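S.K.: Give me coordinates for this.
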Amino acid sequence: PGFVSEMVYHSSYNEEQGVRQMCNMSILPLKTKYKGPAPQLKADRPDVIDEALRFFKANVLFRNYEVKGPADRVLLWLTYYAKCCLKKIEKCNKQDAEKALYQFAIENFQIPGDSGFVFGGFFHNPKGRQEADTVRAYFTQMRQELGIRLVELVYANNANAPSKWWICFNKRKFMNLA
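M.R.: Next up, the predicted model:
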């Protein structure tokens, strides 16, 4: 177990002070134009979506992930979501991928507390309807923003076909899930 935790990348936001917590995760500031509960990141530093995409190719290879703080739960969920997005766009051109990921971002999905939420053991259930609505809005906000950034990375060199260096990760399971 110690070897795995040394290799996995963790969020730099784990020690962040004054961050709102819900479902045992951080509601972190984002660089986004999408409305939602996440505050706008004002500092000139990567947000948690940048971290998830930067660490994706390394973190996606692991079957275990030792959570070291509430921001790691967000990173974990974003890694899983990015993996699901890559499956959706593996045969798309850039324009179709943008449409597919926007639709995917806004469709119904599970949050902590729902049966079928893939990381039930990592997150606490919402403390009520209002918290559940906030968490759903936060996840939607992150899904929309991650989709846009992922498309820019995957189609950086060719708008007609996704990069094989991203799509190749579709063959791998992340934490034995997707």
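S.K.: Name all residues that make contact with the residue nearest to Gly69 when sequence neighbours are not counted.
M.R.: Spatial nearest neighbour of Gly69, chain neighbours left out: Asn14 (2.8 Å); criterion: Cβ to Cβ, 6 or more residues apart in numbering. For the C-beta atoms, the positions are set from N, CA and C on the backbone; glycine is no exception. Contacts here follow Cβ atoms under 8 Å, 6 or more residues apart in numbering; on that basis Asn14 touches Lys68, Gly69, Pro70, Ala71, Asp72.
S.K.: ok, now with 6 Å
M.R.: With Cβ atoms under 6 Å, 6 or more residues apart in numbering as the criterion, the residues that contact Asn14 are Lys68, Gly69, Ala71, Asp72.
S.K.: How about Trp166?
M.R.: With the criterion set at Cβ under 6 Å, 6+ apart, Trp166 makes contact with Val154.
S.K.: In a helix, it, correct?
M.R.: Yes - membership of Trp166 in a helix is supported by DSSP: H, G, I helix; E, B strand; the rest coil.
S.K.: Next, please give the residue ranges for the strands of this structure.
M.R.: Listed in chain order, the strands of the chain (DSSP state E) span 21-22, 25-26.
S.K.: Which strands border the last one, and is each parallel or antiparallel?
M.R.: Using DSSP bridges, the strands paired with strand 25-26 are strand 21-22 (antiparallel).
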